[in-house]
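Novice: give me a 3D structure for the following:
(chains A and B)
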Amino acid sequence: MPMDSNAVISEIRKNFMLESIKNGKRLDGRSLDEYREIKITENFIPKAAGSAMVELGNTKVVAGLKIEQGEPFEDSPDNGVMLLNIELLPMAFPTFESGPPSEQAVEYSRVVDRGIRESKMIDTSKLVIESGKTVWMIFVDIDVLNYDGNIIDACTLAAVTALKNAVIPGSKIGQKDFKLPVNATPVSVTMWKLGDELICDANLEEEQVSSGRITVTISEDGHIHAMQKGEVGEFSLEEIQKAIKTSSDIGNKLREKYLR
Amino acid sequence: MEGNIKLITDDGLRLDGRAFNEMRPVKIQTGVIEKADGSAYIEWGANKIIAAVYVREAYPKHAQNIDRAIVKARYNMSGYSVEERKRPGPDRRTMEISKVITEALESTIVLEKLPRAEIDVFIQVLEADAGTRIASLTASSVAVADAGVPMRDLVVGCTAGKADGKMVLDLSKDEDNFGDADIPMAILPRTGKVVLLQLDGNVSYEEFNEAVSMMMNAMPRISEIQRDALMNKYNIEEGE
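Specialist: The predicted structure follows:
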């Protein structure tokens, strides 16, 4: 693995990779839309209100929830609050640094947040304790422990799994604990452009060779809830339409297999 | 909140009187910041945005790329630009917008022509009224051209979205706030390739395609306004 996110990959290896992908095969033997092995450990952090560790190949992330009482936003007195944040920990990669979040971390957080929020996975109107005064606030903290590509999908999987397991600590206010009501299961599928092909779930090396990234988040209603073109590069309309179709197909399979 | 506000009137028009596929008026002027190497001012509906470009040797030296230029766009909102005062300085939203605008510009600038250089694009949103990221990118693209930076094409953008279940072009503030989806997109007009695309909300595949075709129809007109702005600076009349 290169030591730097901007590391130069040799032209020979890059061309070999592109040539191989043109023929439908990736250097690690996967087909173009094939994900690496996914391992999800539910309730990995018992102290959290919901949690999951997701390993996507060598990419490793942990999502943990805290659910606390707080004040609603002024403009939505009858809705609870969800806040989602991704930390790219310095241990995860040689060039990640401690300190305020990088542009990369902020973009990833916002894309993952949008997919979950817009799919209406969480019905925030059911999180009100006293209208305008007190609501349940769901803090979704996701730590990236090892970075080997495709943070967005790993983090979405982790967050969605953690939310599905979440328990609201009603006993703290004299009620019963209850499961967080969940209405949808959004799945993000991120694709990268390598040569003229789109591949799913790029590893780090593939990310470095790619020219453009596109994420499409779809829930079981088949509707698109978030999209993001990222990194330098361009996509044709046909490629975007193909990306939506792929996200729908692959997303359904991932949901079926990992998020039931 | 959603669904309670009627965004389409009974006679099929939008609250500001526009048809579904009607843009707000767009005006662009170049050379508005004398000190900058290139600049552009855009009025897009009630949005008022200035973009100024500086091209210089990247500093510190170790930040330079020996074979190409670095691009840094910074989207910034004035405190008075929105209903409630915007706290100065970058926040998560503006950081993301700066990133996607930078990437879109980088996709069109011929970076290899300016080794060791840094192209700074400073965007100031003076008044915001929905669609600022696209208006900013559209103005930035003109400002970068105004600075004489070699480009493959003038990036042009547009937004579409969903209001009261209908797909509409160029969302207004109300449609942005209370509508069901927001889709900003920017392309290189000569090839039609997409360099910026975001979506949030709830749309089907068919609705997405409808939004894209509305935007594709609208963008040539904005491209023309961009080109006219550049030509006007040199008092070149069309057809002369």
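Novice: and the host helix or strand of B:Gln124, what's buried?
Specialist: Remark: B:Gln124 resides in strand B:117-127, with elements defined by DSSP states H and E. Within strand B:117-127, the residues scored as buried using 16 or more other CB atoms under 10 Å in any protein chain shown are B:Ala117, B:Glu118, B:Ile119, B:Asp120, B:Val121, B:Phe122, B:Ile123, B:Gln124, B:Val125, B:Glu127. (Glycine included, C-beta is placed from N, CA and C.)
Novice: one more: stretch A:215-224?
Specialist: Neighbour-count burial for stretch A:215-224 [16+ other CB under 10 Å]: A:Thr215, A:Val216, A:Thr217, A:Ile218, A:Ser219, A:Glu220, A:His223, A:Ile224.
Novice: hmm, back to that, dump the buried residues of strand B:117-127 to a markdown table, plus distance to B:Thr9 and pLDDT.
Specialist: Compiled in a markdown table, the buried residues of strand B:117-127 are given as follows (distance: CB to CB, whole Å; pLDDT from 0 to 100):
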| residue | distance to B:Thr9 | pLDDT |
| --- | --- | --- |
| B:Ala117 | 51 | 97 |
| B:Glu118 | 49 | 96 |
| B:Ile119 | 45 | 97 |
| B:Asp120 | 44 | 96 |
| B:Val121 | 39 | 97 |
| B:Phe122 | 40 | 95 |
| B:Ile123 | 34 | 96 |
| B:Gln124 | 35 | 95 |
| B:Val125 | 29 | 95 |
| B:Glu127 | 26 | 94 |
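Novice: surely A:Gln241 is within a helix?
Specialist: Yes: A:Gln241 forms part of a helix when assessed by DSSP: H, G, I helix; E, B strand; the rest coil.
Novice: quick one: it from A:Leu163, how far?
Specialist: 30 Å (CB to CB, to the nearest Å).
Novice: can you name the two of the buried residues of stretch A:215-224 that sit furthest apart?
Specialist: Spatial extent of the buried residues of stretch A:215-224 (CB to CB) is set by the pair A:Thr215 and A:Glu220 at 17.8 Å.
Novice: please save the CA atoms from stretch B:65-81 in CSV.
Specialist: Written as CSV, here are the backbone C-alpha positions of stretch B:65-81 (Å, rounded to 0.1, in the frame of the first residue of the first chain):
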residue,chain,number,x,y,z
ASN,B,65,3.0,20.9,-7.9
ILE,B,66,5.9,20.9,-10.3
ASP,B,67,3.8,19.7,-13.2
ARG,B,68,0.4,21.4,-12.7
ALA,B,69,-1.5,24.1,-11.0
ILE,B,70,-3.4,23.9,-7.7
VAL,B,71,-7.0,25.1,-7.6
LYS,B,72,-8.6,26.4,-4.4
ALA,B,73,-12.2,27.8,-4.5
ARG,B,74,-13.5,29.2,-1.3
TYR,B,75,-17.3,29.8,-1.0
ASN,B,76,-18.0,32.3,1.7
MET,B,77,-21.3,33.9,2.8
SER,B,78,-21.7,37.4,4.2
GLY,B,79,-23.3,37.8,7.6
TYR,B,80,-26.2,39.7,6.1
SER,B,81,-26.7,37.4,3.1
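Novice: so it, near chain A or not?
Specialist: No: applying CB under 8 Å from any CB of the partner chain, one finds stretch B:65-81 out of contact with chain A, separated by at least 8.9 Å.
Novice: residue numbers of chain A in contact with chain B?
Specialist: A:76, A:101, A:103, A:106-107, A:109-110, A:114, A:117-120, A:214, A:222-237, A:240-241, A:244-245, A:248.
Novice: what's the offset of stretch B:36-54 from the middle of its chain?
Specialist: 10 Å (CA atoms, centre = their mean, to the nearest Å).
Novice: now it: buried residues?
Specialist: Result for stretch B:36-54 [16+ other CB under 10 Å]: buried residues B:36-45, B:47-54.
Novice: once you drop chain neighbours, what's closest to B:Glu127?
Specialist: Setting aside the residues directly before and after it, B:Glu127 is nearest to B:Lys48 in space (CB to CB, 6 or more residues apart in numbering or on different chains), at 4.2 Å.
Novice: next: A:Lys14.
Specialist: A:Val209 (5.3 Å).
Novice: was I right to think that neighbour contacts A:Leu194?
Specialist: Yes: at 6.0 Å, A:Val209 counts as touching A:Leu194 under the criterion of CB atoms under 8 Å.
Novice: compare the two (neighbour count), which wins?
Specialist: A:Leu194 (23 against 19; other CB atoms under 10 Å in any protein chain shown).
Novice: where does chain B have low pLDDT?
Specialist: Applying pLDDT under 70 to chain B flags residues B:1-4, B:236-240.
Novice: what ranges do the strands span in it?
Specialist: Here chain B has its strands, by DSSP state E, at B:26-30, B:38-44, B:47-57, B:70-77, B:117-127, B:156-163, B:166-169, B:181-188, B:193-203.
Novice: how about those strands in a markdown table, adding distance to A:Asn183?
Specialist: Formatted as a markdown table, the strands of chain B follow (distance: least, CB to CB, whole Å):
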| stretch | distance to A:Asn183 |
| --- | --- |
| strand B:26-30 | 39 |
| strand B:38-44 | 36 |
| strand B:47-57 | 35 |
| strand B:70-77 | 33 |
| strand B:117-127 | 35 |
| strand B:156-163 | 19 |
| strand B:166-169 | 24 |
| strand B:181-188 | 18 |
| strand B:193-203 | 12 |
